[in-house]
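**Q** Mind looking at a prediction? Sequence and model below.
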Amino acid sequence: MENPPIAAPGDSALLLLLLAVPLAATALSTLIKSRAFDRTLLIGVPVFVGAAAVVLLVLHVDQPVIAHSVGGYLNGLAIPIVSDSFAALLLLVTSIASVLCGWFLISTGEDQYRFVPALILMMVTGVYGTILTGDLFNMFVFVEVMVLPSYALIAVTGTWRRLGVARMFVIVNLLTSTLLLAGVGFVYGTMGTVNIGTLAAMDEIDAPGQLALGVVVVAFLIKAGAVPAHTWLVRSYPNTSAGMMALFSALHSKVAIYAIFRIYGTIFGEPPAWTWALAIVAVASILVGSLSGMAENRVRNTLAVQMTSGVGHILVGVVLLTSAALQAGIFYTVHHILTMAGLLLVFGAVEQTYGTGLYRKLTGLARREKATAVLVVLGLFSLVGLPPTSGLWGKVGLVVAAAVPTDGDSTSVMGWVLIAAIIVGSALSLFALIRLWRGVFWGDDPDTYYPDGRLTGRSRATSLTADVRIPARLLVPGAVLIGLSVMLFIAPQPLIDVTQRSADGLLSNGDYIRAVLGHG
């Protein structure tokens, strides 16, 4: 069978624009003081990358992998920039989330803070670089490019508590980055390369190599917010602003998940010796994240622990490491990005209007804000895995993949454990989210709200008047994301096709190796 064509160097070099454009936009936003110009860049850059991702997805139907060696150095030694169906899909979904989070930040006026647009553009540069790089060391570099501006973004947005949790955010991420860099060094020391294509081409990875890659995976698990290292995320994210939390949710943890999928699929290709350890992490993340919501009394804290549960569900795909499991895990990743960011933006609109996200200060919004109530119901249904939302297909796919791990095999013990965790986790999430619904949307009609004081900036209870309503400009970004989740329920097949190609590309890494190493 004839190998698929490899892109000509001139064509593949266009991949660099997906990094150069957001990086140049960061510099321009810093140098040119213009609110209109900043807003154009904030929305325009992810629109450009998202459009390019659509083109790449079309190209990858016939050309599975496109790679470019930066600087024209020898393949295997140069820094590779690589795109396949999985990378292009993540570029598209993270760009969609970035556009709508940027829209929300513009609507709330948070983009007016000096350097916020530039910091966000720098962060998305790191996201795109992590997704496109084919080298573990440069993956570390781009992760740092993503994380560094986040330190400043936490400091300038959100509640006053951000100043305390920012210290924890910085310390945890610095220590994790040190662990990640050490892991990359161990990989180079044991296997003589950090090029993903070269690692994938090795006939067998020995025990020291597996251990070194395991250190890298542990670092990414911490950054993803998996149990038991999840508390830094659930404490820090809710104390940023709603728009910034939605952006972090869509980008930070999902980039770490992407890296884990890439290492497990492209490099390992089969479950490593410590698969049960990852299975325990996945199960614990599902159950702890689902159960923890029962103890929360603030909307964004509840959603933060649901992020931990979502990470556990996604990890089921790499635990099983079959084509069906990876496909379901990637589908669930897309669903979780859209649903969680959408819910955070919708509740951000509630907080922006009513001045609080505490259950005890919100009540009866279902009758007052009917459109918001509908969006929240759909978003909560999606987290639980109920129709008519994408969460149903995501969880069904994971359960089916765990029930029949390979053709003709019976369900394994690990499969039954994972299925039980998904079912129990869904039930616990349902109870936690019903509690959220009762606290915010059920009950008597509200008679007070908490607008920001003009002099002190502090929220004080004020009599609620008829003109206090959530404006459409605040609600639309979240509504678009929740609407996409519903569309994926109605017509999931296009995404299923892409996620299946992505899963097959991870497990059948021949095209990736040929493109990165130039072997025709």
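**A** Done, it's in.
**Q** and the next element down the chain from the helix or strand hosting Met487?
**A** Using DSSP states H and E, Met487 sits in helix 472-490. The helix or strand immediately downstream of helix 472-490 is helix 493-507, counting by DSSP H and E.
**Q** for the helix or strand following that next one, which positions count as buried?
**A** The C-terminal neighbour of helix 493-507 among helices and strands, as given by DSSP H and E, is helix 510-517. Across helix 510-517, burial judged by 16 or more other CB atoms under 10 Å covers 511-517. Yep, even glycine has a C-beta here, placed from its N, CA and C like the rest.
**Q** now the angle between helix 493-507 and helix 510-517, please.
**A** Computed by axes from the mean of the first three to the mean of the last three CA atoms, to 10 degrees, the angle separating helix 510-517 from helix 493-507 equals 70 degrees.
**Q** Please name every helix or strand in contact with helix 510-517.
**A** Contacts defined by 3 or more CB pairs under 8 Å, 6 or more residues apart in numbering; DSSP states H and E place helix 510-517 against strand 65-70, strand 79-84, helix 196-201.
**Q** which residues in the chain form strands?
**A** Using DSSP state E, the strands found in the chain span residues 65-70, 79-84, 448-449, 462-463.
**Q** Nearest the middle, which residue of this structure would you pick?
**A** Centroid check for the chain by CA atoms, centre = their mean gives Lys254 as the closest residue, at 2.7 Å.
**Q** Would you mind measuring from the closest residue in space to Ser177 that isn't next to it in sequence to Ala273?
**A** Excluding its sequence neighbours, the residue lying closest to Ser177 (CB to CB, 6 or more residues apart in numbering) is Glu144, at 6.1 Å. For Glu144, the distance to Ala273 (CB to CB, to the nearest Å) stands at 29 Å.
**Q** Gly415 now?
**A** Using CB to CB, we find Gly415 at a distance of 19 Å from Ala273.
**Q** neighbour count winner among those two?
**A** The neighbour comparison of Gly415 against Ala273 (other CB atoms under 10 Å) goes to Gly415, with 22 against 10.
**Q** Now that one: closest residue in space, sequence neighbours ignored.
**A** Setting aside the residues directly before and after it, Gly415 is nearest to Ala402 in space (CB to CB, 6+ apart), at 4.2 Å.
**Q** From what I see, that neighbour and Leu321 are in contact.
**A** No - applying CB atoms under 8 Å, one finds Ala402 not in contact with Leu321, separated by 11.7 Å.
**Q** Neighbour count: those two, which is higher?
**A** Counted by other CB under 10 Å, Ala402 and Leu321 do not tie: Ala402 has more neighbours, with 27 against 23.
**Q** quick one, what contacts the more buried one?
**A** Ala402 sits next to 316, 320, 325, 411, 414-416, 418-419, 422 when contact means CB atoms under 8 Å, 6 or more residues apart in numbering.
**Q** Quick check on the closest residue to Gly214 other than its chain neighbours: phi, psi?
**A** Distances taken as CB to CB, 6+ apart put Trp274 closest to Gly214, at 6.0 Å, once the chain neighbours are dropped. Trp274 adopts backbone torsions of phi -100, psi 40, taken as degrees, to the nearest 10.
**Q** Can you check the pLDDT for Trp274?
**A** We have a pLDDT of 84 for Trp274.
**Q** Same question for Val156.
**A** 79.
**Q** burial count for the closest residue to it other than its chain neighbours?
**A** Spatially, and ignoring its direct neighbours in sequence, Val156 is nearest to Tyr113 (5.1 Å; CB to CB, 6+ apart). By other CB under 10 Å, the residues close to Tyr113 number 14.
**Q** same check, this time on Ala479
**A** With other CB under 10 Å as criterion, Ala479 counts 22.
**Q** Please tell me I have it right and it contacts Leu375.
**A** Yes - counting by CB under 8 Å, Leu375 is a contact partner of Ala479 at 5.6 Å.
**Q** residues shared between the contacts of those two?
**A** Common contacts of Ala479 and Leu375, defined by CB under 8 Å, 6+ apart, comprise 342, 346.
**Q** about what we covered before: how about the helices and strands packed on helix 510-517, which one is nearest Gly443?
**A** Closest to Gly443 of the helices and strands packed on helix 510-517 is strand 79-84 (CB to CB; 49.8 Å).
**Q** okay but Val486 is in contact with Thr389, surely?
**A** Yes - look at Val486 against Thr389 with CB under 8 Å: they come within range, at 5.9 Å.
**Q** what about the two, which has more around it?
**A** Each of Val486 and Thr389 has its neighbours counted (other CB under 10 Å); Thr389 has more, 27 against 19.
**Q** Touching, that one and Phe489? I think so.
**A** Yes - using CB under 8 Å, Thr389 makes contact with Phe489 at a distance of 5.2 Å.
**Q** Now do the phi/psi pair for Thr465.
**A** Main-chain torsions, Thr465, degrees, to the nearest 10: phi -110, psi 160.
**Q** Tell me, how many residues neighbour it?
**A** Close neighbours of Thr465, defined as other CB under 10 Å, add up to 8.
**Q** can you offset everything so residue one is 537?
**A** In the new count, where the first residue is 537, that last one comes out as Thr1001.
**Q** Pull up the gap between it and Ile822, please.
**A** From Thr1001 to Ile822 the distance is 44 Å (CB to CB).
**Q** ok, now Gln888?
**A** In this view, Gln888 and Ile822 are 32 Å apart by CB to CB.
**Q** Looking at those two, which one has more neighbours?
**A** Ile822 (30 against 19).
**Q** Name the nearest residue to that one, sequence neighbours excluded.
**A** Nearest to Ile822 is Gly848, by CB to CB, 6+ apart, at 3.6 Å.
**Q** Can you report how many residues lie near the one you found?
**A** Using other CB under 10 Å, the number of residues around Gly848 comes to 28.
**Q** cool, and Leu689?
**A** Leu689 has 24 neighbours, counted by other CB under 10 Å.
**Q** What of Gly607?
**A** Other residues near Gly607 number 8, with proximity taken as other CB under 10 Å.
**Q** Return the distance of the closest residue to it other than its chain neighbours relative to Gly645.
**A** Leaving aside its sequence neighbours, Gly607 sits nearest to Ala614 (CB to CB, 6+ apart; 5.9 Å). Computed as CB to CB, the Ala614 to Gly645 distance reads 44 Å.
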